[in-house]
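[1] this one's structure only:
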């Protein structure tokens, strides 16, 4: 059985950990629209650091199909944050709230063809921040899109993350199971 993983590296997880306890300042992005949608990347500025959550295209094989798929990555924001600020697309919702906890949302898709496991695809699809009074998730819009969504909520239970299960449609030959895990990072 083929296994494909597009998950954050240890260094990327350490960058996220470095944000815990800092104050939320803003979200920004050159293509960030209405603080809810962006193509390819979004910058998170806190009192301690700025990171960029981005979708980079990677060539991988899933179900014997080699193609480019968007992979979630985290890196120091640097030039991306400056470019976003110059564009004026800065959103200050939740400014001053402390970053209490951080999770990564990991989806696992298992493909079964004629009753035999064919592949497993594991991908980190979102970063979720618990702030003093709100929750903010930055996630891939879909498995095959370069779009990122920003989802906000007053609680974890009310956080409405897009369901990606319908992107893997089963038929008579191919069956897919999709599971989602919340992985605590900090």
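    Nice, thanks for sending it over. Everything quoted here is computed from the prediction, not taken from an experiment.

[2] from the chain's centre, how far out does the helix or strand of the chain with the lowest mean pLDDT sit?
    The helix or strand of the chain with the poorest confidence is helix 78-87; it has a mean of 80 (mean pLDDT, DSSP states H and E). In terms of C-alpha atoms, centre = their mean, to the nearest Å, the centre of helix 78-87 is found 20 Å from the chain centre.

[3] Please pull up the helix or strand immediately following it.
    strand 90-91 (DSSP states H and E).

[4] Buried residues in the helix or strand following that following strand, which are they?
    Remark: after strand 90-91, the chain's next helix or strand is strand 99-113, criterion DSSP H and E. For strand 99-113, the buried set under the neighbour-count rule, 16 or more other C-beta atoms under 10 Å, comprises 99, 102-107, 109-112. (Each C-beta comes from the backbone N, C-alpha and C, glycine too.)

[5] Setting aside sequence neighbours, what's the nearest residue to the spatially most central residue of the chain?
    Centroid-nearest residue in the chain, with C-alpha atoms, centre = their mean: residue 126, separated by 2.5 Å. Nearest non-adjacent residue to residue 126, counting by C-beta to C-beta, 6 or more residues apart in numbering: residue 139, 3.2 Å away.

[6] if I look at that neighbour, how far off is residue 133?
    21 Å (C-beta to C-beta, to the nearest Å).

[7] just residue 19 next, same as before
    Taking C-beta to C-beta, one finds residue 19 at 17 Å from residue 133.

[8] higher neighbour count, the two?
    With neighbours defined as other C-beta atoms under 10 Å, residue 19 and residue 133 compare such that residue 19 has more, 24 against 11.

[9] Checking that one next. Helix, strand or coil?
    Applying DSSP: H, G, I helix; E, B strand; the rest coil to residue 19 yields a three-state assignment of coil.

[10] mind listing what it touches?
    Contacts for residue 19 (C-beta atoms under 8 Å, 6 or more residues apart in numbering) come out as 44, 46, 48-49, 51, 99, 102, 129, 186.

[11] any chance of those in CSV, with pLDDT, secondary structure and distance to residue 69 too?
    Formatted as CSV, the contacts of residue 19 follow (pLDDT from 0 to 100; DSSP: H, G, I helix; E, B strand; the rest coil; distance: C-beta to C-beta, whole Å):
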residue, pLDDT, secondary structure, distance to residue 69
44, 95, strand, 23
46, 96, strand, 29
48, 94, coil, 32
49, 93, coil, 28
51, 96, strand, 22
99, 98, strand, 29
102, 98, strand, 24
129, 98, strand, 25
186, 83, coil, 27
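
[12] got TSV for the residues you listed, with distance to residue 81 too?
    Shown next, in TSV, are the contacts of residue 19 (distance: C-beta to C-beta, whole Å):
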residue	distance to residue 81
44	9
46	11
48	13
49	10
51	9
99	17
102	18
129	17
186	20
